[in-house]
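Participant: one predicted model, sequence on top.
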Amino acid sequence: MLVFIDESGDPGMKGRLGTSEYFIVTAVIFEDDEEAESCDDMISEFRAEIGKRETFEFRFNTCCNDFRIRFLDSIKGCEFFYYSLILNKSKLWSVGFHDKESLYKYATSLVFENAKPLLRNATVIIDKCGDRQFKYRLSSYLKRKMNEPQNALIKKVKMEDSHSNNLLQLADMVCGAVARSFRKRSGEDRLCYRKIIRHREGRVQLWPK
């Protein structure tokens, strides 16, 4: 089992200059490694189809609308599920959430709690970009939080470069589709991307409501 993690927004608290309204963490889960490999191949084929080099990285925020729709359409038949946690920062009151690391860990743990019935001996892959020491602490935190003496839901946590990992890029595109569905902007079909992959949705939770 493979789990790919990505996030959207930032873990800074609402009200501070430049912070996002929501912080979103998404887990894309493949129960079968062969299905993950097949999806990886489909993304490579789509990249070639649109005339991009092998080094081109799919990122929701930098792709045009056409590429977003075509990318999601190309992988909608792949066998994966996704879980997202949308942290509504305006309704968080505990001072503990003012620590970015604590907020990030908490949001990630809620995603894994929601996906818990699906998890078994999983390898979790996260983007190594950013604070690596924090990512190591996150790895230890997740294994400590999720694993029980007789039931290892998470086997290991690895860090890889998103620019060379198609399935981390998939997590980015899925997370971006979820994030866009919560954006408040008139004259926009906020759900247009998420509708394409709705059948792959495990749970999308807004917390607190």
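Facilitator: Happy to help now that I have it.
Participant: buried residues in the helix or strand of the chain with the lowest mean pLDDT, which are they?
Facilitator: The helix or strand of the chain with the poorest confidence is helix 132-146; it has a mean of 86 (mean pLDDT, DSSP states H and E). Buried positions in helix 132-146, judged by neighbour count with 16 or more other C-beta atoms under 10 Å: 135, 138-139, 141-143, 146. In this view, the C-beta of every residue, glycine as well, is placed from N, C-alpha and C.
Participant: nearest to Tyr106 among these?
Facilitator: Among those, Tyr141 lies closest to Tyr106 (C-beta to C-beta), at 9.7 Å.
Participant: tell me the contacts of that closest one?
Facilitator: Counting by C-beta atoms under 8 Å, 6 or more residues apart in numbering, Tyr141 makes contact with 105, 109.
Participant: if I look at it, how far off is Asn147?
Facilitator: Here the criterion is C-beta to C-beta, to the nearest Å. By it, Tyr141 lies 11 Å from Asn147.
Participant: pLDDT on stretch 194-201, on average?
Facilitator: Average pLDDT, stretch 194-201: 97.
Participant: hmm, I typed the wrong one, I wanted stretch 117-127.
Facilitator: Stretch 117-127 shows a mean pLDDT of 93.
Participant: and the end-to-end length of that stretch?
Facilitator: Terminal residues of stretch 117-127 lie 24 Å apart, using C-alpha to C-alpha, to the nearest Å.
Participant: now stretch 78-92
Facilitator: By C-alpha to C-alpha, one end of stretch 78-92 lies 36 Å from the other end.
Participant: which parts of it are buried?
Facilitator: Neighbour counts over stretch 78-92 (16+ other C-beta under 10 Å) mark 78, 80-87, 89, 92 as buried.
Participant: what about it, distance to the chain center?
Facilitator: Offset of stretch 78-92 from its chain centre (C-alpha atoms, centre = their mean, to the nearest Å): 8 Å.
Participant: let's number from 50 now, not from 1
Facilitator: All set: I'll call the first residue 50, so the last point we hit is now stretch 127-141.
Participant: just the mean pLDDT for it, thanks.
Facilitator: On average, the pLDDT along stretch 127-141 is 93.
Participant: where along the protein do the helices fall?
Facilitator: Using DSSP state H, the helices of the chain run over residues 82-98, 114-124, 149-164, 181-195, 215-230, 241-245.
Participant: most packed of those?
Facilitator: helix 215-230 (a mean of 24; mean count of other C-beta atoms under 10 Å).
Participant: using PDB, list the CA coordinates for that helix.
Facilitator: This file holds the C-alpha atoms of helix 215-230, laid out as PDB (Å, rounded to 0.1, in the frame of the first residue of the first chain):
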ATOM      1  CA  ASN A 215       4.500  11.400 -10.700                       C
ATOM      2  CA  LEU A 216       2.300  10.200  -7.800                       C
ATOM      3  CA  LEU A 217       3.400  13.100  -5.600                       C
ATOM      4  CA  GLN A 218       2.400  15.300  -8.500                       C
ATOM      5  CA  LEU A 219      -1.000  13.500  -8.500                       C
ATOM      6  CA  ALA A 220      -1.400  14.300  -4.800                       C
ATOM      7  CA  ASP A 221      -0.700  17.900  -5.600                       C
ATOM      8  CA  MET A 222      -3.300  18.000  -8.400                       C
ATOM      9  CA  VAL A 223      -5.900  16.300  -6.300                       C
ATOM     10  CA  CYS A 224      -5.200  18.500  -3.300                       C
ATOM     11  CA  GLY A 225      -5.500  21.600  -5.600                       C
ATOM     12  CA  ALA A 226      -8.800  20.400  -6.900                       C
ATOM     13  CA  VAL A 227     -10.100  20.100  -3.300                       C
ATOM     14  CA  ALA A 228      -8.700  23.400  -2.300                       C
ATOM     15  CA  ARG A 229     -10.300  25.200  -5.300                       C
ATOM     16  CA  SER A 230     -13.700  23.700  -4.400                       C
END
